[in-house]
Every structure is written in C-alpha cells, then in structure tokens.
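Visitor: Structure here, sequence nowhere to be found:
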C-alpha cells in the first residue's frame, strides 16, 4: 500500500503540474469525462500515484502524461515539467493558412486596399461603402 506522501488528488495534481490554469478547470474536466486515469474515467478526488498514466483532453488537444513525481502544491513550469513524462501526440498545425501578400515595393496598403481586404474576409466595422 502506498503512503499518503506518494499520492494526491487527481484534480490537484493536474493543476499543480500546469496542465490546466485553475484547479476548478481541472475539476470540471474530470467531471465532464475529459480525464482518464489508466484508461478509465476518474473522479476529481481519485488518488494518483507515480507510474499512473493520465489522459487529459482540453481545447481540442489530448495530453498523455505518465506521473513520475506526485505534487500537492503548484510549482513553477521547469519543476512541473520534471514531474511527468509527456507521451502526447504532436500538435498538427494547418500549414495552408492564408497570408496576405503584397508586391514588393508596393508600400503601405491604401484605405481602398484595406477595405477590399476587409470585404473579402468579412471583417471590419460593417459600415457600407460610399
């Protein structure tokens, strides 16, 4: 049986190692089923131990971490990174993001160019053109 020093609440540990910004966000994620401990849904008060695998799904990204050290208090990012081994899949970024290109030497965009760009992208103040 593990000693109390080798365990901590799941939501507290997630917050301590900075996987979430607040402890309440970690609790909400656990209650919503976005956190799995060793492959099973876990409640926020479930105790975690070194060697446990945690899968956290936040903001459309899944983080897979294995606990190497149990924390009960929030620590700085360098120390937090030493408390788990990250096995998360790499983040896929959209390489085809549109970029506004202008001809070399064309100078600054004019007001007319800016308004045309805003009409094209659906941004701006919404005021009708004169």
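Guide: Now that the structure is in, tell me what you want to look at. Quick caveat, the model's predicted, so the values are computed rather than measured.
Visitor: tell me the mean pLDDT for the longest helix belonging to the chain?
Guide: Looking across the chain with DSSP state H, the single longest helix is helix 111-121. For helix 111-121, mean pLDDT is 87.
Visitor: Please look at residue 88 and residue 57 and confirm they touch.
Guide: No. Applying Cβ atoms under 8 Å, one finds residue 88 not in contact with residue 57, separated by 10.7 Å. For glycine as for every other residue, the C-beta is placed from the backbone atoms N, C-alpha and C.
Visitor: So which of the two has more stuff around it?
Guide: Using other Cβ atoms under 10 Å as the criterion, residue 88 and residue 57 rank with residue 57 on top: 15 against 12.
Visitor: before we move on, which element is the more buried one in?
Guide: Element membership for residue 57 (DSSP states H and E) is strand 53-58.
Visitor: Residue 13 in helix, strand or coil?
Guide: Three-state call for residue 13 (DSSP: H, G, I helix; E, B strand; the rest coil): helix.
Visitor: If you could redo that for residue 64, that was the one I meant.
Guide: Residue 64 - assigned by three-state DSSP - is strand.
Visitor: and the closest residue to it other than its chain neighbours, what is it in contact with?
Guide: Spatially, and ignoring its direct neighbours in sequence, residue 64 is nearest to residue 87 (4.4 Å; Cβ to Cβ, 6 or more residues apart in numbering). Contact analysis of residue 87 by Cβ atoms under 8 Å, 6 or more residues apart in numbering lists 53, 64-66.
Visitor: Can you select the buried ones from the residues you listed in PyMOL?
Guide: The PyMOL selection below is limited to those of the contacts of residue 87 classed as buried (16 or more other Cβ atoms under 10 Å):
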select buried, resi 53+64+65
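Visitor: which one among the contacts of residue 87 gets closest to residue 104?
Guide: For the contacts of residue 87, the residue nearest residue 104 by Cβ to Cβ is residue 64; the value is 45.4 Å.
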